[in-house]
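Visitor: build me a model:
(2 chains)
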Amino acid sequence: MRIVVAEDLYLLRDGMVRLIEAFGHEVVATAATGPETLEALRTHRPDVSVVDVRMPPTQSDEGLRAALTARAEIPGLPVLVLSQHVEQLYARELLADGSGGVGYLLKESVFDAGQFIGSLERVAAGGTAMDPVVIAKLLSGSAPDRGLGRLTEREYSVLGLMAEGLSNHAIARRLFLSEGAISKYTTSLFGKLGVTDDDDTNRRVRAVLTYLNQR
Amino acid sequence: MERVGSWAVHAGVGFGRACVGAAVCMLVPVVWAAAVGLGVWCGAEHPWSWIGPVVIVCAGTLTLAQTVCRAVRFLVARWTGTDIPAGRREAGPVVQLSTGYWWNGFSYERSRRDAVMDQRMRLWWSDPATWRDLRFAVIAPFSAGVVAALPPAALAVAVLGLARPETVARPETAARTVGACALVLAAGSAPYAWRAVHRVAVRFLRPSPAMALAERVDELTSQRADATVAQAAEIRRIERDLHDGAQARLVALGLSLATAEQLMDRDPEQAKALMGEARAGAAASLTELRELIRGISPPVLSERGLVDAVRALALDVPLGVSVSAGGGPLRLDPSIESAVYFGVAELLTNAVKHAGAARAHVRLTRDGTGIVVEVEDDGRGGAELRPGGGLAGLRRRLAAFDGTLVISSPRGGPTRATMTVPCE
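Guide: Numbering: from 1, shown residues only, chains lettered A, B, ... in the order given. Predicted coordinates for the structure are as follows:
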């Protein structure tokens, strides 16, 4: 994969590049500021990019804004946003366009290198990789009697894992169920949420978004 | 017809106020009149017989002055909304020294009761407010009192002149004319006469600029002390958290890595396990640091500013919170943003914990003079500012920016808290 790494702290940027290259991927460009990030995303159109939220020159949410701008210009451009803290607010903004290819994880998710590269690949393929804590908060915020009371508890937990970006296979393993059972749950869940889409990845992102919007 | 009706109401209210105002202002002259009466009754020709009345006048004026002024302040605030501060000096603390004696800021006394009495007397004597009140009590009868007494006096003359002309003047027609004129005068002056009380009170009862400044200095001194204490406590908390948390964890991390390094060749399996432990430790210390940072200054606040930070907060509390913002761009001084943010956080926490609310609304409004933040919930209400409580703490923190906190929380709800902070 061709990857852009945007991170202002040299140590982290360097470590990230080495990690990615160790897994046999190519880092086509690095960026240390918001404008540089936007520029790199525009010119290289990478298969996936790793972007830090807080970057110079303002030390505010420059990185996040660069990612959102780039995705507005190039729909579906895969971006994995890393941050020291996760906010539901940012997660919603990233998911809002509904085109998938989005990730939002804590920086320490790189501790598990294998899983991190897995997330990166998933995002590159148009899926999602969301921080479990954020997803739990996003989904738990709604009381069961409002909006989506129609979902059963099991469907609810499947939806949560789906939002994190897990495949049916991985969900099955996590819930100790068969893959067939999971696909039955997902089908009924898509039906209840009224998500009709041919592309499975898209459908999964849309299901989560529909859920969030109904709250 | 309607205009006549409204004028009648106006005149009626004005007449009532004039009567009350005149009565209050005339309290001191009434004492004087009583004293003169007493003196005459005792036999005015003997000089010694005037001692009693003089004592009565002095004591009566001194004790009544404060009561009269308090009543006038209350009436003016009630009628016109003009708040005239009393501007009295605050009594300092009365403390027992190691010698066993009591110190009240002026003198040493043997017992606490003496110290307090002494302090009260000295404060009363040295306080400019006392003399201001006294001056007002002397001036008021001749200015505000006379004007305010006009409508009731004129009405009395009118009633007498029209009902029993013979007591007023002869011939009868002259008495009736006088009565009619007095009636017109009473009616005409009724809506306006009481305003003299307001004018005179504002002119003579308001603390002098020097006094107001002294008060402001006291206020600022205590605010600064509060802020310093709060800051010191905060820094100690951060130090403790870092010392017991992240720092200790990093030491443990270094230990694990050092051991793993040693074991690498001899026992790779155990080395691997240790490395895994080290990784878990690093993750745990990051989580701790994140929580700590959130408590110092939430990252989203510096990244996005107040409105989005409050939105992020609203998403995180287990409560249906809607946020609305209006009135121009909302980037404020970082310290004010932080105070307001933590204020909203505290109010929302209260809504969840104490009010048992299901929904809340946060409204942020920025105008030319400052920022107003309203937090309203549909909980059971009954919130109040208790000394040492969370809301009192919040009010104190806002006061450091000259901000205010107003709570309206009837039993049964809803609770509405309004934070106002002036800023450019």
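Visitor: so what's the residue nearest the centre of chain A bridging to?
Guide: With distances taken as C-alpha atoms, centre = their mean, the residue of chain A nearest its centroid is residue A:103 (2.0 Å). When bridges are called by DSSP bridges, residue A:103 pairs up with residue A:80, residue A:129.
Visitor: quick one: neighbours of residue A:112, just the number.
Guide: Residue A:112 has 13 neighbours, counted by other C-beta atoms under 10 Å in any protein chain shown. Just so you know, the C-beta spots here come from the backbone N, C-alpha and C atoms, and that holds for glycine as well.
Visitor: list the contacts for it?
Guide: Residues counted as contacts of residue A:112 (C-beta atoms under 8 Å, 6 or more residues apart in numbering or on different chains): none.
Visitor: what strand or helix carries residue B:18?
Guide: Taking DSSP states H and E as the criterion, residue B:18 maps to helix B:2-25.
Visitor: ok, residues contacting the next helix or strand after that helix?
Guide: Sequence-wise, the next helix or strand downstream of helix B:2-25 (DSSP H and E) is helix B:27-43. Contact with helix B:27-43 is made by B:49-50, B:52-54, B:56-57, B:60-61, B:64-65, B:67-68, B:137-138, B:140-141, B:145, as judged by C-beta under 8 Å, 6+ apart.
Visitor: just the angle between helix B:27-43 and helix B:2-25, please?
Guide: Helix B:27-43 runs at 50 degrees relative to helix B:2-25, counting by axes from the mean of the first three to the mean of the last three C-alpha atoms, to 10 degrees.
Visitor: what's the average pLDDT for the next helix or strand after helix B:27-43?
Guide: Using DSSP H and E, the helix or strand that directly follows helix B:27-43 along the chain is helix B:51-80. For helix B:51-80, mean pLDDT rounds to 83.
Visitor: domains of chain B?
Guide: Residue ranges for the domains of chain B, per automatic domain parsing: B:2-87+B:129-205, B:89-126, B:222-296, B:304-422.
Visitor: now for residue B:56: which residues touch it?
Guide: B:31, B:34-35, B:38.
Visitor: show me where the chain has strands.
Guide: Because you didn't say which chain, this covers chain A. With DSSP state E as the criterion, chain A has strands at A:2-6, A:26-31, A:48-52, A:79-83, A:102-106, A:128-130.
Visitor: the chain in question should be chain B.
Guide: B:95-96, B:102-103, B:108-109, B:320-326, B:359-366, B:370-377, B:404-408, B:415-422.
Visitor: need the helix or strand of chain A with the lowest average pLDDT.
Guide: Scoring the helices and strands of chain A by mean pLDDT, DSSP states H and E places helix A:200-214 at the bottom, with a mean of 72.
Visitor: and the strands of chain A as TSV, adding mean pLDDT?
Guide: Below are the strands of chain A laid out as TSV (pLDDT from 0 to 100):
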stretch	mean pLDDT
strand A:2-6	95
strand A:26-31	95
strand A:48-52	95
strand A:79-83	93
strand A:102-106	92
strand A:128-130	88
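Visitor: next, format those strands as TSV and append distance to residue A:151.
Guide: Putting those into TSV (distance: least, C-beta to C-beta, whole Å) gives the following:
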stretch	distance to residue A:151
strand A:2-6	36
strand A:26-31	41
strand A:48-52	31
strand A:79-83	28
strand A:102-106	23
strand A:128-130	18
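Visitor: how many other residues sit next to residue B:356?
Guide: The burial count for residue B:356: 12, using other C-beta under 10 Å.
Visitor: can you report how many residues lie near the residue nearest to it when sequence neighbours are not counted?
Guide: Leaving aside its chain neighbours, residue B:356 sits nearest to residue B:379 (5.2 Å; criterion: C-beta to C-beta, 6 or more residues apart in numbering or on different chains). Residues within reach of residue B:379, counting by other C-beta under 10 Å, total 24.
Visitor: looks like residue B:379 contacts residue B:413 (just checking).
Guide: Yes: Residue B:379 sits in contact with residue B:413 when judged by C-beta atoms under 8 Å, with a separation of 5.2 Å.
Visitor: what is in contact with the two at once?
Guide: By C-beta under 8 Å, 6+ apart, the residues touching both residue B:379 and residue B:413 are B:355, B:357.
Visitor: thinking again about what came up before, among the domains of chain B, which is nearest residue A:193?
Guide: domain B:304-422 (20.8 Å; C-beta to C-beta).
Visitor: report the mean per-residue pLDDT for the closest one.
Guide: 87.
Visitor: contact residues of the stretch 201-350 of chain B facing chain A?
Guide: For the stretch 201-350 of chain B, the residues in contact with chain A (C-beta under 8 Å from any C-beta of the partner chain) are B:279, B:282-283, B:286, B:290, B:293-294, B:299-300, B:302-304, B:308, B:311-312, B:315-316, B:318.
Visitor: please indicate which of these are buried?
Guide: By neighbour count, with 16 or more other C-beta atoms under 10 Å in any protein chain shown, those hold B:282-283, B:286, B:290, B:299-300, B:302-304, B:308, B:311-312, B:315-316 as buried.
Visitor: hmm, back to that, show the contacting residues for the residue nearest to the centre of chain A.
Guide: Residues near residue A:103 by C-beta under 8 Å, 6+ apart: A:78-81, A:119-120, A:122-123, A:128-130, A:165.
Visitor: residue B:60 too?
Guide: Counted by C-beta under 8 Å, 6+ apart, residue B:60 has contacts B:28, B:31-32, B:35.
Visitor: ok, so of those residues, who is nearest chain A?
Guide: Chain A lies nearest to residue B:28 out of the contacts of residue B:60, by C-beta to the nearest C-beta, at 65.7 Å.
Visitor: nearest residue to that closest one other than its sequence neighbours?
Guide: Nearest to residue B:28 is residue B:137, by C-beta to C-beta, 6+ apart, at 5.0 Å.
Visitor: the one you found: how many residues sit nearby?
Guide: Counted with other C-beta under 10 Å, residues neighbouring residue B:137 total 23.
Visitor: ok, it touching residue B:69?
Guide: Yes: proximity of residue B:137 to residue B:69 meets the contact threshold set by C-beta under 8 Å, at 6.8 Å.
Visitor: so can I have JSON lines of the contacts of residue B:56 showing pLDDT?
Guide: What follows is the contacts of residue B:56, written out as JSON lines (pLDDT from 0 to 100):
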{"residue": "B:31", "pLDDT": "81"}
{"residue": "B:34", "pLDDT": "83"}
{"residue": "B:35", "pLDDT": "81"}
{"residue": "B:38", "pLDDT": "78"}
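Visitor: would you turn the residues you listed into JSON lines with distance to residue A:46?
Guide: Putting the contacts of residue B:56 into JSON lines (distance: C-beta to C-beta, whole Å) gives the following:
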{"residue": "B:31", "distance to residue A:46": "93"}
{"residue": "B:34", "distance to residue A:46": "98"}
{"residue": "B:35", "distance to residue A:46": "99"}
{"residue": "B:38", "distance to residue A:46": "104"}
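Visitor: tell me how far residue B:383 lies from chain A.
Guide: In this structure, residue B:383 and chain A are 24 Å apart, going by C-beta to the nearest C-beta, to the nearest Å.
Visitor: not counting sequence-adjacent ones, nearest residue to that residue?
Guide: residue B:409 (4.0 Å).
Visitor: show me what contacts residue B:204?
Guide: Counting by C-beta under 8 Å, 6+ apart, the residues that residue B:204 touches are B:132, B:135-136, B:139-140.
Visitor: give the buried residues for stretch B:385-399.
Guide: B:390-391, B:394-399.
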